[in-house]
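Asker: Starting from these lines, generate the structure:
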Amino acid sequence: MALDSLQLLAMTAQQLDDLFSKSQSGPIPNGQAKGTAIIAPGTVYDADIAEIVSIFAWQGKTFDGPHGVLVNRISLLGVNAIVAEVYTGASWFDQAECIVLDYSKTSLLAQYVRDEIRLVAPGVYLGLVYWQKKRLIHFSLEFPPDAPASGT
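Answerer: Next up is the predicted model:
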């Protein structure tokens, strides 16, 4: 059975870190992904917190893989805001290749934010969020089964 966001929400922080470490970067995604914030990994509260974040703050990301950019979907209305550059690079977590979501040149609000993602199952990416170099939370991105990767 392939991993999904519900299974990732049930994992501890150490299990998520181990999964991130052993996963490959995968192709730069393309299209709209449902996002799940993993704020309290492995606790009974994590799914509830993720649902609240999804309703009121962050629903996911929409990638334009061929152009190396993405936009986040935020707020109750799913407004497209907060652009990031997307490219492959060395992870701050373990120095292995990952897909970097870099807000430093594209967003005043999120200029100190860097996300890193790796493919953990078909259409499912596990991510890490950094503020400057301090790691904050995990998140997942789920793409529809028919979503094409950009391959760049």
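Asker: Would you agree residue 98 is in contact with residue 114?
Answerer: No: distance between residue 98 and residue 114: 10.3 Å, which falls outside the contact criterion (C-beta atoms under 8 Å). Just so you know, the C-beta spots here come from the backbone N, C-alpha and C atoms, and that holds for glycine as well.
Asker: got the residue ranges for the strands in this protein?
Answerer: Remark: strands assigned in the chain by DSSP state E are 31-38, 58-64, 69-74, 79-90, 97-102, 113-121, 124-131, 134-142.
Asker: In CSV: those strands, plus mean neighbour count.
Answerer: What follows is these, written out as CSV (neighbours: other C-beta atoms under 10 Å):
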stretch, mean neighbour count
strand 31-38, 22
strand 58-64, 21
strand 69-74, 20
strand 79-90, 16
strand 97-102, 22
strand 113-121, 22
strand 124-131, 21
strand 134-142, 19
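Asker: Turn these into TSV, columns for distance to residue 52 and mean pLDDT.
Answerer: Below are the strands of the chain laid out as TSV (distance: least, C-beta to C-beta, whole Å; pLDDT from 0 to 100):
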stretch	distance to residue 52	mean pLDDT
strand 31-38	9	95
strand 58-64	11	94
strand 69-74	14	94
strand 79-90	18	94
strand 97-102	23	98
strand 113-121	20	97
strand 124-131	17	97
strand 134-142	14	96
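Asker: Residue 45: which of those is closest?
Answerer: Proximity to residue 45, assessed across these by C-beta to C-beta, is greatest for strand 31-38 (11.3 Å).
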